[in-house]
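Colleague: sharing a model that was predicted from the sequence below.
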Amino acid sequence: MMVARLRNMYPRLWGCLVILICGITFSVAAQDCTLSAFVEPSNAVVGQSILYILKLECAEKPDGPPDLPLIDSDLGFSDFRSAGTSSQLQIVNGRVSQTFEYRYSFSVSRKGRFKIPPARIVVGERELKSNEVEIVIGDTPSAPAANLPEELRGRIAPPQVQGNPRLQNALFGKIFVLAVPETTSPVAGQQFLLSYYLGIEQEALQRAGFDVSRFRGGGVEVPDFQGFVKDEIFPLPQRLSFREQMIEGRRYVFAPLYQVAITPTRTGKLTIEPFQLSLSFPYRGARPRPLTGGPFFDDFFDFDFGLLDSIPITVSSIPVTIDVQALPRPADGTNFSGAVGAFSLKAELDKSRAKANEDVVRLRVVLEGEGNASAASPPVLPQIEGVSLLEEPKSSSERRIENDKLISRKSFDYLLRPVKEGEVSIPSLELTVYNVKSGQYETLRTEPLNLLVAPGIARPALVAPLASATSTTTSSGGLSSVTPRTDLRYIHDRPLRVDKGRWIVLRRPWIYGSVGLPALLVAMAFVFGKRRERILADLQGYRRSRARSRAEDALASAKRRAEKAPVDAFAAIGDALRTYFADKLGRESAGALTAEEILTLLEERGVSPETRAQLRSALEQCDSVRYAPASATAADAKALAHQVAQLLEEVDQCL
């Protein structure tokens, strides 16, 4: 009887279970998905790091990361950088809810009131749109004259201490990042140094109760240097070396953090985003040990922000505004080499004596000075009587730092062969540069050189054959009798015989080839001509279809040559990238396609910001190796070629 009752209850139980499942499904499906945006803080100062937070509340998982709002770079906004993502799942009363949070950091280099457009995200078949966010950017606060030296006023930003504005104001001028550009008004093509230093007023931090001897550094945000070609001179150190400096009677210690040589790629006002550094200070009030006199600690960027006795502090430099001036137009007939700076030019021979037609002499021309010498084209070597040029000149570049100045050097090697004995004069060579100190174009000249050439191997002369002296002619002018010469060697010692009754054609099969080859060539020319006509009819389509395979072949070739010539490998990767985009985007010349133009076109075609940022980094890395060939390694070239191949696979789907 009990069994019968249970059997009768089965349909009811199944019905309740179905109703419960349908109710949960309905509650999940009925939940509205919302995407909200906000910033922290909403009132900030110029150069301050700001968080842009997107919060998605939905039961379904989004198809991918959100599409961030597009903001005009002229407004002073830096690129959004990912600051982490998180997700949370909750089930309350049968109702399923999920929260996805995306965090991005950015900074603004101009004051004013700005509106950040909505962001978008795709969930299933729906596209969600966030709200618009307003942010107010004010001037960097300045401290009273009694609290901040005149030399630092307007050049440093206050530190950021979350949740403690009082301490944040107290630390203004006590710990900061100082940006020191070599110039703020360069001309187009001028290379200059930009250095970042960590400054600390040790005694002031000690009075505030910090243990300065045990602080550590963490997250670092280096500017993107948009609009510049960058060349790292001093990368982020693992050890900080402080030096003491007195400023208006106050004792500071400074440690170099980062140094880069940058060359503007366009004129006008360009803004470099702040350099940002996160620090952790133990708050114990212990007496600090001196920071000067050598390396600070072995692993400065190795610490745990979770320490209970530490206070996280973020220090940033102020944005650096560079006003790039256009180069004046050179006078008619001036052959500008492309080098901008203050240079000297000299020439030397590797030997002063040589033998004609035997020795090779190297003429080395060296351009050296403050500026970007690697941009210079080689001087024109005039024709020299008695000397031949064996090949086009080869060049090499190097750089060094002297008295906080970037000194670059470029050498041009000409290989010469003297072909005539006597004294040979190597005339002066000329190179026109733009001198940033005088603000004028100037033509540099080398000193004339002399080379003493001794007799060497004479060139063999071509002698025409002469008739035999034993030949006689008849009175009519014809040969009457010829006496055979005994000094001649014949190819055949036996007489030539031809078998009668057989066709010579059958005994010479190569004659078939000589007869059929012209017909085959005509047929091939017809086929290739038709194919050429089809290609020319749609040349852009053909280039577009072949762009990916051409780029992959070029990248594979760059990998192979990386071991022997890493600099050439980097150049090949850059050429492969620009050629690929020129083919895909229908441009005639790859060399005229700038990185900014490529990224703008990719943005219009919906390529993700992460991919565009990686492509920008790859192009800048390829360009920077031209100015710093010593920094190129085979491992870096292979890794970059592999990364570019993956990026092109993603980009190819959008193009």
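Modeller: That came through fine. Numbering: from 1, shown residues only.
Colleague: over to Gly209: give its phi and psi.
Modeller: phi 90, psi 10 (degrees, to the nearest 10).
Colleague: isn't there a strand covering Trp642?
Modeller: Just to correct that, residue 642 is His rather than Trp. No: counting by DSSP: H, G, I helix; E, B strand; the rest coil, His642 falls outside a strand, being helix.
Colleague: what distance do you get for it to Gly386?
Modeller: 52 Å (C-beta to C-beta, to the nearest Å). (Each C-beta comes from the backbone N, C-alpha and C, glycine too.)
Colleague: thought Pro448 was touching Ser425?
Modeller: Yes: Pro448 is within contact range of Ser425, at 6.0 Å (criterion: C-beta atoms under 8 Å).
Colleague: neighbour-wise, which of His642 and Gly386 wins?
Modeller: Gly386 (15 against 12; other C-beta atoms under 10 Å).
Colleague: ok, the more buried one touching Ile426?
Modeller: No: taking contacts as C-beta under 8 Å, Gly386 lies outside contact range of Ile426: 10.6 Å.
Colleague: show me where the stretch 401-550 of the chain has its strands.
Modeller: 405-418, 422-426, 430-435, 440-445, 449-454, 472-473, 479-481 (DSSP state E, counting those that start in this stretch).
Colleague: give me whichever of these is most buried.
Modeller: strand 430-435 (a mean of 21; mean count of other C-beta atoms under 10 Å).
Colleague: could you tell me the angle between that one and strand 405-418?
Modeller: Per axes from the mean of the first three to the mean of the last three C-alpha atoms, to 10 degrees, the angle that strand 430-435 makes with strand 405-418 is 170 degrees.
Colleague: which other helices and strands contact strand 430-435?
Modeller: strand 336-349, strand 361-371, strand 440-445 (3 or more C-beta pairs under 8 Å, 6 or more residues apart in numbering; DSSP states H and E).
Colleague: quick one: which of those is nearest Val222?
Modeller: Relative to Val222, the nearest member of those by C-beta to C-beta is strand 361-371, separated by 24.0 Å.
Colleague: and the helix or strand just after the closest one, what does it pack against?
Modeller: The helix or strand immediately downstream of strand 361-371 is strand 387-389, counting by DSSP states H and E. Helices and strands touching strand 387-389, by 3+ C-beta pairs under 8 Å, 6+ apart, are strand 405-418.
Colleague: report the distance from the strand it packs on to the chain centre.
Modeller: 25 Å (C-alpha atoms, centre = their mean, to the nearest Å).
Colleague: just the helices from the protein, written as ranges.
Modeller: All helices of the chain, identified by DSSP state H, fall at 2-30, 165-170, 202-207, 504-507, 510-537, 539-561, 566-585, 595-604, 609-627, 634-654.
Colleague: pLDDT of the second one, averaged?
Modeller: Mean pLDDT, computed over helix 165-170, is 80.
Colleague: now do the shortest one
Modeller: The predicted model gives helix 504-507 an average pLDDT of 49.
Colleague: pLDDT of stretch 428-446, averaged?
Modeller: Average pLDDT, stretch 428-446: 91.
Colleague: just to revisit the earlier point, and the strands of the stretch 401-550 of the chain: which comes nearest Gln238?
Modeller: The nearest among the strands of the stretch 401-550 of the chain, by C-beta to C-beta, is strand 405-418 at 23.6 Å.
Colleague: remind me what the closest one packs against, helices and strands.
Modeller: Short answer (3+ C-beta pairs under 8 Å, 6+ apart): strand 405-418 packs on strand 192-200, strand 361-371, strand 387-389, strand 394-402.
Colleague: swap the cut-off to 7 Å and go again
Modeller: strand 361-371, strand 387-389, strand 394-402 (3 or more C-beta pairs under 7 Å, 6 or more residues apart in numbering; DSSP states H and E).
Colleague: residues near the residue nearest to Val180 when sequence neighbours are not counted, how many?
Modeller: Nearest in space to Val180, with sequence neighbours left out and distances taken as C-beta to C-beta, 6 or more residues apart in numbering, is Ser195 at 4.7 Å. Neighbours of Ser195 under the rule other C-beta under 10 Å: 17.
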